[in-house]
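>>> requesting a structural model of the entry that follows:
(one chain, ligands or ions: 2)
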Amino acid sequence: MSVALLVISPTSEVSTKTGFLDSIREGNRFSDPFKSVSRPKNLVCNNRFNNGQNIRPNYTSMDLKNGGRFSLKSSMVASPGDEVTLSSEQKVYDVVMKQAALVKRELKSSDNMEVNPDIALPGSVSLLSEAYERCHEICAEYAKTFYLGTLLMTPERRRAIWAIYAWGRRTDELVDGPNASHITPTALNRWEARLEDIFKGRPFDMLDAALADTVSKFPVDIQPFRDMIEGMRMDLSKSRYKNFDELYLYCYYVSGTVGLMSVPIMGIAPESKATTESVYNAALALGLANQLTNILRDVGEDARRGRVYLPQDELAQAGLSDDDIFAGKVTDKWRSFMKKQIERARKFFDDSEKGVAELSSASRWPVMASLVLYREILDQIEANDYNNFTKIANVGKAGKILALPIAYGKSLVPPP
Ligand SMILES: CC(C)=CCC/C(C)=C/CC/C(C)=C/CC/C(C)=C/[C@@H]1[C@@H](COP(=O)(O)OP(=O)(O)O)[C@]1(C)CC/C=C(\C)CC/C=C(\C)CCC=C(C)C
Ligand SMILES: [Mn+2]
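Ligands and ions are numbered 1, 2, ... in the order given. This next block holds a predicted model:
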């Protein structure tokens, strides 16, 4: 296990020196990204060279050789004259495949890690513990439901998740926090540069140092982190979503990415026979399900900020418009619209549930607990008679306590 050493400079900036990425741990196996994978059903490719036939993910072995530096944008590149239309699902699918393929690779080489030889300074380990403790506090303060799940993890995994949580929360705060009105795309570019530094072992502050340590210990790739920042860019420039395809991409950026970041921490069970890709797909589905649920819970709150994270075409089909949302009246039209949205979110939860059994045994319970707890929010919206304008669907203490044994029972099921 590599140990990161915290070094505090006189200016109290923090940097870490990390050893190289550990060799692949429990259950992180390589598999051919083209094998045993089912493609999303609605692949549309109007490419005049293939007469509209489905195409394989368009990444090449070069993508995998260059340290995994690919982006969603690469999915959209067409040679002159080509007309390629990819659904968001397909673009995200490509990223998932790449993540699955990369998981067994050493994501960093000694060339791109700007590290000095490890020098143990007195107190460095306790500084790192302090950094993780700050991440712990942030997670406990802001994410009561997820926090409960993390308490069921092994100590090493739990603090890695806290470090990811703290980074995600800070990223979200940039566009949702008190200084959001001052945040520009340039500020997000700077945040992304800082992210690159974290992955090079040059963190800027304590919280970054915890994440730098985490990514040096687990085979976590930078791409989902970059994509989350892209989601925040989207939040700066967009407050309406034409259709589910647009919303899907947003949900991937801000939450599906968390699923992809988490799998290398959670670990895949060594006895799992599932393909790595299918496990990543399940993790993506859980992130999407969580964000869709979040959106349905927060309709009123978002509307008060002028935001509507609901597919405009589906609203119109239901005979609804933004004005109905701003009016905040629960009507039969609204109820039937909400029923369909809830049904869709539940499908994503169902897809993700199958993947939980493939995780390492120590991770199944916490993930299942967070899944059960979050899914209950949908039940609560129903119990509130679909009034998500003025009521916040929260799972009560009793519901939370009950979810734990239910999740425990479900998580005892080993990989099929
Ligand atoms: C195979 C399989 C099923 C594996 C499991 C993979 C896994 C652990 C998936 C979980 C994914 C997850 C927890 C997604 C939720 C992410 C989330 C809450 C995103 C929020 C985005 C924006 O929301 P919004 O602004 O609408 O809402 P707020 O009102 O502001 O909350 C985020 C806020 C983006 C930033 C993300 C985070 C702060 C959360 C990161 C969460 C974790 C690292 C916790 C994962 C831990 C467990 C135990 C599931
Ligand atoms: Mn937010």
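
>>> next one: stretch 229-236 to chain centre, how far?
14 Å (Cα atoms, centre = their mean, to the nearest Å).

>>> what lies in contact with it?
Stretch 229-236 is contacted from outside by 72, 171-172, 174-176, 183-185, 188, 191-192, 195, 249-250, 252-254, 257, using Cβ atoms under 8 Å, 6 or more residues apart in numbering. Every residue, glycine included, has its C-beta placed from N, CA and C.

>>> now list the buried members of the residues you listed.
Among the contacts of stretch 229-236, those buried by neighbour count (16 or more other Cβ atoms under 10 Å) are 72, 171-172, 174-175, 183, 188, 191-192, 195, 249-250, 252-254, 257.

>>> now, these that are in strands?
The members of these all map outside strands under DSSP state E.

>>> ok, and of the residues you listed, which contact ligand 1?
By Cβ under 6 Å from any ligand atom, the members of the buried ones among the contacts of stretch 229-236 lying near ligand 1 are 172, 254.

>>> which residue does the stretch 1-150 of the chain have closest to ligand 1?
Gly149 (3.4 Å; Cβ to the nearest ligand atom).

>>> mean confidence (pLDDT) on the helix or strand harbouring that residue, please.
Per DSSP states H and E: Gly149 is located in helix 144-150. Averaging pLDDT along helix 144-150 gives 83.

>>> of all the residues in it, which ones are buried?
Residues 145-150 are the ones in helix 144-150 that count as buried (16+ other Cβ under 10 Å).

>>> quick check: Glu353 touching Leu371?
Yes: Glu353 lies in contact with Leu371 (Cβ atoms under 8 Å); the separation is 6.4 Å.

>>> so those two - more neighbours on which side?
More crowded of Glu353 and Leu371, by other Cβ atoms under 10 Å: Leu371, with 23 against 19.

>>> so that one is in which element?
With DSSP H and E as the criterion, Leu371 is inside helix 361-383.

>>> that helix close to ligand 1?
Yes: for helix 361-383, a contact with ligand 1 is found by Cβ under 6 Å from any ligand atom, at 366-367, 370.

>>> helix/strand/coil for the residue nearest to Asp302 when sequence neighbours are not counted?
Distance criterion Cβ to Cβ, 6 or more residues apart in numbering; nearest residue to Asp302, sequence neighbours excluded, is Tyr309 at 5.9 Å. Tyr309 falls in the strand class when you classify it by DSSP: H, G, I helix; E, B strand; the rest coil.

>>> all helices for the stretch 51-200 of the chain, in order.
61-65, 88-102, 124-142, 144-150, 155-176, 185-199 (DSSP state H, counting those that start in this stretch).

>>> got it, and the stretch 301-416 of the chain?
312-317, 322-327, 332-356, 361-383, 397-411.

>>> tell me how far the spatially most central residue of the chain lies from Arg304.
Nearest to the geometric centre of the chain sits Val258, at 1.7 Å (Cα atoms, centre = their mean). Using Cβ to Cβ, to the nearest Å, we find Val258 at a distance of 25 Å from Arg304.
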